[in-house]
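Visitor: okay, predicted coordinates and the sequence, questions at the end:
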Amino acid sequence: MNIFGSEVSVAALRERTGDLASVAGVREVVLGNGVERGVRAVQLRSAAGLEVEVLVDRALDLGGARFRGVPFGWRSGNGFRHPGLHEHSDEGGLSWLRALDGLLVSGGLDHTLFGNEVDATQYRYPPKRTVAHGLHGRLTAIPGRLLEAGEVWDGDRCTLRVRGEVVQATSFGEHLRLTRTIEVDFDGLEIRLYDVVDNVGYERTPHMFLYHLNFGWPVIDAGTELVAPIAETTWQSDSAAVQGVSYRVLPDPQPGFVEQVYEHRLVADEDGRHRVALIRGDSTFGVEVSWDAATMPSFFEWQNLRSGQYAVGLEPSTHHVTGDAAAREDGSMTWLEHGESRSYRTTIRVLDGVEATTAARDAVRRVAGQPEGSNL
């Protein structure tokens with residue numbers, strides 16, 4: 001394994017420390033103050049300097065993320081809010097924004113995108129003819145059940161692994177289960193996310209899923225570029241046309257900036273994966289996200305460049321930005337019968353140095369070019 005820049009065998013490493021946790025490892029903690037009080041988390045730390053928090057009580061999402069002490073996961077100021085404080089229907093369905101914090105905030109399991117009221121007659125419960133959804137659904141505020149947290153050895157290779165499940169259920173309604181596995185190699189620079197969503201219930205149930213992957217300063221800064229194999233931009237928020245800020249190259253923080261959202265149609269690589277990167281203007285640092293194009297064919301870019309916020313979200317999604325009602329109408333909604341499931345594989349990789357960012361950029365460019373500006 002590569003330990004602190006040198007190739008070291010496991011035997012040699014064990015000779016030099018009484019506890020491998022001095023180099024890398026897994027640690028369970030409980031947050032203890034403010035709105036975070038009582039939230040269980042698992043910290044993964046690799047020998048390469050990659051650190052990430054798995055928030056067990058926030059649907060096993062990802063909290064703080066750092067590389068050699070430098071943050072790349074966004075912190076909004078909300079904190080990793082205890083799910084007991086969440087009120088799903090508050091603020092006209094926008095209360096999800098109070099839970100928006102950290103590297104990954106997942107949307108789902110039966111609804112994503114903006115809130116609305118949709119038909120629920122498939123559940124055959126006369127008092128509930130419809131169901132009301134808030135922004136990005138209920139998943140974020142559901143505590144997970146931790147199934148595994150530790151080191152997994154295969155010969156001389158070690159993987160840091162967290163596995164758990166989150167159940168979204170109600171009587172006379174949906175009964176969906178998310179089984180999530182998060183892995184980091186002992187000496188690794190990437191976070192691997194494996195999700196399986198299955199219908200535990202016996203009624204035909206809608207399924208929508210979205211990853212709100214949030215990146216902040218210093219990977220987000222003036223000159224940072226979104227590198228993506230974009231065939232076309234199919235939708236943009238009204239604010240994009242009014243403010244005139246590039247989708248591709250970022251400015252400094254902007255006072256009063258109104259969020260800009262784009263839906264880009266991406267070209268998959270030869271392995272059937274979508275691949276995008278955020279690279280600093282000096283090319284010294286970046287992050288790359290890749291995922292299976294078939295399971296999450298849609299992709300949104302979220303720009304929150306307001307002073308005091310300043311983040312970019314990369315959002316693989318199962319459905320288009322038009323959302324729940326439109327997916328039901330045009331037939332694109334995913335319906336799961338009892339026992340049916342969907343699987344998702346996503347990788348978040350740190351790009352350390354000019355060589356790594358150049359290789360990532362070249363890999364994207366081999367798939368497809370990229371327009372200078374939105375074509376809308």
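Guide: All right, it came through fine.
Visitor: tell me the confidence at residue 5?
Guide: Per-residue confidence (pLDDT) for residue 5: 84.
Visitor: number of nearby residues for it?
Guide: 8 (other Cβ atoms under 10 Å). To be clear about C-beta, it is placed using only N, CA and C from the backbone, and glycine gets the same treatment.
Visitor: and what of residue 154?
Guide: So residue 154, with other Cβ under 10 Å, has 7 neighbours.
Visitor: let me see the ranges of the helices in the stretch 251-376 of the chain.
Guide: Ranges of helices in the stretch 251-376 of the chain, per DSSP state H, counting those that start in this stretch, are 324-330, 354-367.
Visitor: adding distance to residue 187, write those helices out as TSV.
Guide: Formatted as TSV, the helices of the stretch 251-376 of the chain follow (distance: least, Cβ to Cβ, whole Å):
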stretch	distance to residue 187
helix 324-330	42
helix 354-367	15
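Visitor: how about those helices, which one is nearest residue 61?
Guide: Distance to residue 61, taken as Cβ to Cβ, is lowest for helix 324-330 among those, at 21.2 Å.
Visitor: so which elements touch that closest one?
Guide: Using 3 or more Cβ pairs under 8 Å, 6 or more residues apart in numbering; DSSP states H and E, the elements in contact with helix 324-330 are strand 116-119.
Visitor: can you mark which positions in the following helix or strand past the strand it packs on are buried?
Guide: The helix or strand immediately downstream of strand 116-119 is strand 130-133, counting by DSSP states H and E. By 16 or more other Cβ atoms under 10 Å, the buried positions in strand 130-133 come out as 131, 133.
Visitor: can you name the residues in contact with strand 130-133?
Guide: 89, 93, 110-111, 115-120, 173, 324 (Cβ atoms under 8 Å, 6 or more residues apart in numbering).
Visitor: from the contact counts, what lies against the helix or strand following that strand?
Guide: Counting by DSSP H and E, the element after strand 130-133 in chain order, helix or strand, is strand 145-154. Counting contacts by 3+ Cβ pairs under 8 Å, 6+ apart, strand 145-154 packs against strand 25-30, strand 40-45, strand 157-169.
Visitor: these: which one's closest to residue 254?
Guide: Residue 254 lies closest to strand 40-45 among these, at 32.5 Å (Cβ to Cβ).
Visitor: and the following helix or strand past the closest one, how far from the chain's centre?
Guide: Per DSSP H and E, the first helix or strand lying C-terminal to strand 40-45 is strand 50-55. Relative to its parent chain, strand 50-55 has a centroid offset of 13 Å by Cα atoms, centre = their mean, to the nearest Å.
Visitor: one more: stretch 216-236?
Guide: Distance, stretch centre to chain centre, for stretch 216-236: 16 Å (Cα atoms, centre = their mean).
Visitor: that one: end-to-end distance?
Guide: 22 Å (Cα to Cα, to the nearest Å).
Visitor: part of a strand, is residue 91?
Guide: No - read with DSSP: H, G, I helix; E, B strand; the rest coil, residue 91 is helix and lies in no strand.
Visitor: need the contact list for residue 230.
Guide: Contacts for residue 230 (Cβ under 8 Å, 6+ apart) come out as 264-267, 368, 370-371.
Visitor: report the separation between it and residue 263.
Guide: Residue 230 sits at a distance of 10 Å from residue 263 (criterion: Cβ to Cβ, to the nearest Å).
Visitor: ditto for residue 197
Guide: For residue 197, the distance to residue 263 (Cβ to Cβ) stands at 22 Å.
Visitor: returning to that earlier point: most surrounded residue in the contacts of residue 230?
Guide: Among the contacts of residue 230, the one with the most neighbours (other Cβ under 10 Å) is residue 264, at 24 neighbours.
Visitor: nearest residue to that residue in space, please, no chain neighbours.
Guide: Among residues not flanking residue 264 along the chain, residue 230 sits closest, at 4.7 Å (Cβ to Cβ, 6 or more residues apart in numbering).
Visitor: returning to that earlier point: closest to residue 158 out of the helices of the stretch 251-376 of the chain?
Guide: helix 354-367 (22.5 Å).
Visitor: which other residues reach that closest one?
Guide: Under Cβ under 8 Å, 6+ apart, the answer for helix 354-367 is 227-229, 267-269, 275-277, 279-280, 283-286, 288, 351, 370.
Visitor: re the thing from before, can I get the helices and strands packed on strand 145-154 in TSV with distance to residue 18, mean neighbour count and mean pLDDT?
Guide: Below are the helices and strands packed on strand 145-154 laid out as TSV (distance: least, Cβ to Cβ, whole Å; neighbours: other Cβ atoms under 10 Å; pLDDT from 0 to 100):
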stretch	distance to residue 18	mean neighbour count	mean pLDDT
strand 25-30	13	14	98
strand 40-45	17	21	98
strand 157-169	17	19	97
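Visitor: hang on, the earlier thing: neighbour count: residue 197 and residue 263, which is higher?
Guide: Legend: neighbour count by other Cβ under 10 Å for residue 197 and residue 263, higher for residue 197 (26 against 20).
Visitor: give me the three-state assignment for the closest residue in space to residue 143 that isn't next to it in sequence.
Guide: Distances taken as Cβ to Cβ, 6+ apart place residue 57 nearest to residue 143, at 4.2 Å, with adjacent residues excluded. With three-state DSSP as the basis, residue 57 sits in coil.
Visitor: what is the burial count for residue 57?
Guide: By other Cβ under 10 Å, 24 other residues sit near residue 57.
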